[in-house]
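A.B. asks: Give me a model of this one.
(chains A and B)
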Amino acid sequence: GESVGLHLPTLSVQEGDNSIINCAYSNSASDYFIWYKQESGKGPQFIIDIRSNMDKRQGQRVTVLLNKTVKHLSLQIAATQPGDSAVYFCAENRLPNTGNQFYFGTGTSLTVIP
Amino acid sequence: DGGITQSPKYLFRKEGQNVTLSCEQNLNHDAMYWYRQDPGQGLRLIYYSQIVNDFQKGDIAEGYSVSREKKESFPLTVTSAQKNPTAFYLCASSARANEKLFFGSGTQLSVL
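C.D. replies: Okay, here's the model as predicted:
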(Lines give C-alpha, C1' and ligand atoms only; values in the text may rest on other atoms or scores of the structure.)
Protein backbone atom coordinates (compact mmCIF):
# COMPACT_ATOMS: atom_id res chain seq x y z
CA GLY A 1 0.00 0.00 0.00
CA GLU A 2 0.97 3.63 -0.10
CA SER A 3 3.17 4.80 2.69
CA VAL A 4 5.50 7.47 3.86
CA GLY A 5 8.47 5.78 5.40
CA LEU A 6 12.03 6.24 6.49
CA HIS A 7 14.95 4.06 5.53
CA LEU A 8 16.59 4.04 8.97
CA PRO A 9 14.90 4.27 12.35
CA THR A 10 18.05 5.54 14.13
CA LEU A 11 21.08 7.54 13.13
CA SER A 12 24.14 8.44 15.18
CA VAL A 13 26.63 11.07 14.01
CA GLN A 14 29.64 12.81 15.45
CA GLU A 15 29.28 16.44 16.34
CA GLY A 16 30.39 18.55 13.42
CA ASP A 17 29.65 15.91 10.80
CA ASN A 18 26.87 16.19 8.26
CA SER A 19 23.66 14.16 8.72
CA ILE A 20 21.43 12.76 6.04
CA ILE A 21 17.94 11.52 6.84
CA ASN A 22 15.92 9.80 4.16
CA CYS A 23 12.25 9.40 3.40
CA ALA A 24 10.49 7.35 0.74
CA TYR A 25 7.05 8.05 -0.61
CA SER A 26 4.91 6.06 -3.00
CA ASN A 27 2.32 8.47 -4.39
CA SER A 28 3.73 10.14 -7.48
CA ALA A 29 0.88 12.68 -7.37
CA SER A 30 2.04 14.13 -4.04
CA ASP A 31 3.05 17.73 -4.52
CA TYR A 32 4.21 19.07 -1.17
CA PHE A 33 6.58 17.73 1.47
CA ILE A 34 7.62 18.96 4.89
CA TRP A 35 10.34 17.98 7.34
CA TYR A 36 9.67 18.25 11.06
CA LYS A 37 11.89 17.94 14.13
CA GLN A 38 10.43 16.62 17.35
CA GLU A 39 12.18 16.64 20.70
CA SER A 40 11.04 14.33 23.45
CA GLY A 41 7.74 15.39 25.00
CA LYS A 42 7.32 18.34 22.65
CA GLY A 43 5.34 19.13 19.56
CA PRO A 44 6.89 18.85 16.09
CA GLN A 45 8.76 21.88 14.87
CA PHE A 46 8.75 22.90 11.21
CA ILE A 47 12.19 22.71 9.60
CA ILE A 48 11.81 23.11 5.87
CA ASP A 49 9.40 22.33 3.07
CA ILE A 50 9.55 21.72 -0.66
CA ARG A 51 7.04 21.56 -3.49
CA SER A 52 7.19 19.08 -6.30
CA ASN A 53 8.23 21.70 -8.86
CA MET A 54 11.59 21.96 -7.07
CA ASP A 55 14.48 19.52 -6.64
CA LYS A 56 16.33 21.26 -3.87
CA ARG A 57 15.73 23.85 -1.22
CA GLN A 58 18.13 25.25 1.34
CA GLY A 59 17.62 26.75 4.75
CA GLN A 60 19.93 27.56 7.60
CA ARG A 61 22.23 24.51 7.89
CA VAL A 62 19.55 22.32 6.29
CA THR A 63 18.90 21.22 2.73
CA VAL A 64 16.02 19.19 1.41
CA LEU A 65 16.41 17.20 -1.79
CA LEU A 66 13.51 15.79 -3.75
CA ASN A 67 13.98 13.06 -6.32
CA LYS A 68 10.64 12.56 -8.00
CA THR A 69 11.94 9.84 -10.29
CA VAL A 70 12.51 7.45 -7.41
CA LYS A 71 10.07 9.14 -5.03
CA HIS A 72 12.69 9.93 -2.45
CA LEU A 73 13.14 12.84 -0.09
CA SER A 74 16.17 13.62 2.06
CA LEU A 75 17.09 16.08 4.75
CA GLN A 76 20.71 17.10 5.07
CA ILE A 77 21.92 18.83 8.21
CA ALA A 78 25.31 20.48 7.98
CA ALA A 79 27.75 20.58 10.90
CA THR A 80 25.43 18.63 13.18
CA GLN A 81 25.22 19.94 16.73
CA PRO A 82 24.07 18.30 19.99
CA GLY A 83 20.92 20.41 19.84
CA ASP A 84 20.01 18.63 16.62
CA SER A 85 19.39 15.39 18.52
CA ALA A 86 15.69 14.62 18.03
CA VAL A 87 13.29 12.60 15.94
CA TYR A 88 12.92 13.82 12.38
CA PHE A 89 9.99 12.89 10.19
CA CYS A 90 8.68 13.82 6.81
CA ALA A 91 5.12 14.68 5.91
CA GLU A 92 3.58 14.18 2.49
CA ASN A 93 0.59 16.04 1.14
CA ARG A 94 -1.08 13.57 -1.12
CA LEU A 95 -3.30 14.46 -4.01
CA PRO A 96 -6.08 14.16 -4.64
CA ASN A 97 -7.58 14.72 -1.25
CA THR A 98 -10.75 16.21 0.07
CA GLY A 99 -9.14 17.89 3.04
CA ASN A 100 -5.79 18.87 4.37
CA GLN A 101 -4.40 15.38 4.50
CA PHE A 102 -0.77 15.16 5.42
CA TYR A 103 0.65 11.69 5.93
CA PHE A 104 3.53 11.31 8.32
CA GLY A 105 6.39 8.88 8.48
CA THR A 106 7.30 7.16 11.73
CA GLY A 107 10.48 9.16 12.11
CA THR A 108 14.25 8.74 12.40
CA SER A 109 15.89 9.28 15.74
CA LEU A 110 19.07 11.32 15.35
CA THR A 111 21.68 11.16 18.10
CA VAL A 112 24.64 13.53 17.99
CA ILE A 113 27.73 12.24 19.75
CA PRO A 114 29.81 15.02 21.32
CA ASP B 1 3.96 35.96 20.99
CA GLY B 2 1.99 34.04 18.39
CA GLY B 3 1.46 30.33 18.54
CA ILE B 4 -0.65 27.37 19.47
CA THR B 5 -1.39 26.65 23.10
CA GLN B 6 -2.46 23.23 24.30
CA SER B 7 -3.61 22.48 27.80
CA PRO B 8 -3.21 20.66 30.02
CA LYS B 9 0.25 19.21 29.48
CA TYR B 10 -0.74 16.00 31.27
CA LEU B 11 -4.23 14.58 31.72
CA PHE B 12 -5.54 11.48 33.40
CA ARG B 13 -8.81 9.82 32.57
CA LYS B 14 -10.83 7.46 34.69
CA GLU B 15 -12.80 4.66 33.13
CA GLY B 16 -16.12 5.87 31.74
CA GLN B 17 -15.08 9.51 31.89
CA ASN B 18 -15.06 12.05 29.10
CA VAL B 19 -12.14 14.48 29.04
CA THR B 20 -11.55 17.59 26.97
CA LEU B 21 -8.24 18.80 25.60
CA SER B 22 -7.91 22.47 24.89
CA CYS B 23 -6.28 24.03 21.81
CA GLU B 24 -6.08 27.77 21.17
CA GLN B 25 -4.25 29.61 18.40
CA ASN B 26 -3.58 33.29 17.85
CA LEU B 27 -2.08 32.92 14.39
CA ASN B 28 -5.33 33.82 12.65
CA HIS B 29 -5.20 30.47 10.87
CA ASP B 30 -8.31 29.16 9.16
CA ALA B 31 -7.59 25.45 9.56
CA MET B 32 -7.03 23.44 12.73
CA TYR B 33 -6.32 19.77 13.34
CA TRP B 34 -6.01 17.10 15.99
CA TYR B 35 -3.49 14.31 15.68
CA ARG B 36 -2.77 11.33 17.84
CA GLN B 37 0.80 10.08 18.30
CA ASP B 38 1.61 6.62 19.62
CA PRO B 39 5.14 5.35 20.25
CA GLY B 40 6.79 4.14 17.06
CA GLN B 41 3.95 5.32 14.85
CA GLY B 42 3.41 8.30 12.64
CA LEU B 43 0.89 10.99 13.47
CA ARG B 44 -2.69 10.00 12.73
CA LEU B 45 -5.41 12.52 11.98
CA ILE B 46 -8.43 12.51 14.30
CA TYR B 47 -10.42 15.54 13.15
CA TYR B 48 -9.79 18.70 11.19
CA SER B 49 -11.62 21.95 10.59
CA GLN B 50 -11.07 24.28 7.67
CA ILE B 51 -13.52 26.94 8.80
CA VAL B 52 -15.53 27.96 11.83
CA ASN B 53 -18.59 25.81 12.54
CA ASP B 54 -17.39 23.07 10.21
CA PHE B 55 -15.21 20.03 10.83
CA GLN B 56 -14.46 16.71 9.21
CA LYS B 57 -13.49 13.27 10.49
CA GLY B 58 -9.98 12.11 9.94
CA ASP B 59 -8.67 8.56 9.83
CA ILE B 60 -9.34 7.67 13.49
CA ALA B 61 -12.34 9.75 14.61
CA GLU B 62 -14.19 7.02 16.49
CA GLY B 63 -14.46 7.79 20.21
CA TYR B 64 -13.60 11.48 19.76
CA SER B 65 -15.60 14.64 19.24
CA VAL B 66 -14.73 18.26 18.44
CA SER B 67 -16.28 21.68 18.06
CA ARG B 68 -15.20 24.83 16.23
CA GLU B 69 -17.32 27.66 17.54
CA LYS B 70 -14.52 30.19 17.33
CA LYS B 71 -11.69 30.56 14.85
CA GLU B 72 -9.14 30.51 17.65
CA SER B 73 -10.35 27.40 19.45
CA PHE B 74 -10.66 23.73 18.55
CA PRO B 75 -11.24 21.57 21.66
CA LEU B 76 -11.09 17.78 21.47
CA THR B 77 -13.20 15.55 23.71
CA VAL B 78 -12.04 12.01 24.30
CA THR B 79 -15.18 10.10 25.12
CA SER B 80 -15.65 6.90 27.09
CA ALA B 81 -16.20 5.15 23.76
CA GLN B 82 -12.47 5.50 23.03
CA LYS B 83 -11.17 2.31 24.58
CA ASN B 84 -7.48 2.98 24.10
CA PRO B 85 -7.05 6.70 24.77
CA THR B 86 -3.51 6.66 26.13
CA ALA B 87 -1.44 8.67 23.66
CA PHE B 88 0.22 12.01 22.98
CA TYR B 89 -2.30 14.38 21.41
CA LEU B 90 -1.14 17.16 19.13
CA CYS B 91 -3.11 20.12 17.91
CA ALA B 92 -2.00 21.93 14.76
CA SER B 93 -3.09 24.80 12.59
CA SER B 94 -2.39 26.09 9.10
CA ALA B 95 -3.19 29.37 7.41
CA ARG B 96 -5.28 27.54 4.84
CA ALA B 97 -5.91 23.97 3.83
CA ASN B 98 -2.94 22.10 2.35
CA GLU B 99 -0.41 24.52 3.79
CA LYS B 100 2.27 23.76 6.34
CA LEU B 101 1.15 22.76 9.79
CA PHE B 102 2.24 24.43 12.99
CA PHE B 103 1.95 22.29 16.11
CA GLY B 104 1.26 22.90 19.75
CA SER B 105 3.32 21.37 22.54
CA GLY B 106 1.00 18.41 23.01
CA THR B 107 -1.08 16.80 25.76
CA GLN B 108 -0.15 13.42 27.20
CA LEU B 109 -3.33 11.54 28.10
CA SER B 110 -3.15 8.51 30.35
CA VAL B 111 -5.75 6.18 31.83
CA LEU B 112 -5.97 5.67 35.58
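A.B. asks: Show me where the chain has its strands.
C.D. replies: All of this refers to chain A. Taking DSSP state E as the criterion, chain A carries its strands at A:4-5, A:10-14, A:19-25, A:32-38, A:45-51, A:56-58, A:62-67, A:72-77, A:86-93, A:102-104, A:108-113.
A.B. asks: right idea, wrong chain: chain B
C.D. replies: Remark: strands assigned in chain B by DSSP E are B:4-7, B:10-13, B:19-25, B:31-37, B:44-51, B:54-57, B:64-66, B:76-78, B:87-94, B:102-103, B:107-111.
A.B. asks: can you redo the strands of chain A as a markdown table with mean pLDDT and mean neighbour count?
C.D. replies: Any C-beta I mention is one placed from the backbone N, CA and C, and that applies to glycine too. Shown next, in a markdown table, are these (pLDDT from 0 to 100; neighbours: other C-beta atoms under 10 Å in any protein chain shown):
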| stretch | mean pLDDT | mean neighbour count |
| --- | --- | --- |
| strand A:4-5 | 50 | 18 |
| strand A:10-14 | 94 | 13 |
| strand A:19-25 | 93 | 20 |
| strand A:32-38 | 96 | 22 |
| strand A:45-51 | 96 | 16 |
| strand A:56-58 | 98 | 13 |
| strand A:62-67 | 97 | 18 |
| strand A:72-77 | 96 | 20 |
| strand A:86-93 | 93 | 24 |
| strand A:102-104 | 88 | 23 |
| strand A:108-113 | 95 | 18 |
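A.B. asks: So which of the ones you listed is nearest B:Pro39?
C.D. replies: Comparing those against B:Pro39 with C-beta to C-beta, the closest turns out to be strand A:86-93 (10.9 Å).
A.B. asks: quick one: that closest one to chain centroid distance?
C.D. replies: Strand A:86-93 sits 5 Å away from the centroid of its parent chain (C-alpha atoms, centre = their mean, to the nearest Å).
A.B. asks: Might you enumerate the residues of chain A proximal to chain B?
C.D. replies: Contacts of chain A with chain B, taken as C-beta under 8 Å from any C-beta of the partner chain, map to A:4, A:32, A:34, A:36, A:41-46, A:49, A:89, A:91, A:93, A:97-107.
A.B. asks: Now do the same contact list for A:Arg61.
C.D. replies: Residues counted as contacts of A:Arg61 (C-beta atoms under 8 Å, 6 or more residues apart in numbering or on different chains) are A:77-79.
A.B. asks: didn't A:Leu75 look like it was pressed against A:Val64?
C.D. replies: Yes. Counting by C-beta atoms under 8 Å, A:Leu75 does reach A:Val64; the two are 5.7 Å apart.
A.B. asks: So for the two, which residues contact both of them?
C.D. replies: With C-beta under 8 Å, 6+ apart as the test, A:Leu75 and A:Val64 both reach A:35, A:48.
A.B. asks: how much space between the spatially closest residue to B:Ser65 that is not a sequence neighbour and A:Asp31?
C.D. replies: Among residues not flanking B:Ser65 along the chain, B:Thr77 sits closest, at 4.7 Å (C-beta to C-beta, 6 or more residues apart in numbering or on different chains). Distance of B:Thr77 to A:Asp31, given as C-beta to C-beta, to the nearest Å: 34 Å.
A.B. asks: Ok, B:Leu43 next?
C.D. replies: Distance, B:Leu43 to A:Asp31, by C-beta to C-beta: 20 Å.
A.B. asks: Same check on A:Gly43?
C.D. replies: In this structure, A:Gly43 and A:Asp31 are 25 Å apart, going by C-beta to C-beta.
A.B. asks: Check B:Phe55 too.
C.D. replies: Distance of B:Phe55 to A:Asp31, computed by C-beta to C-beta: 24 Å.
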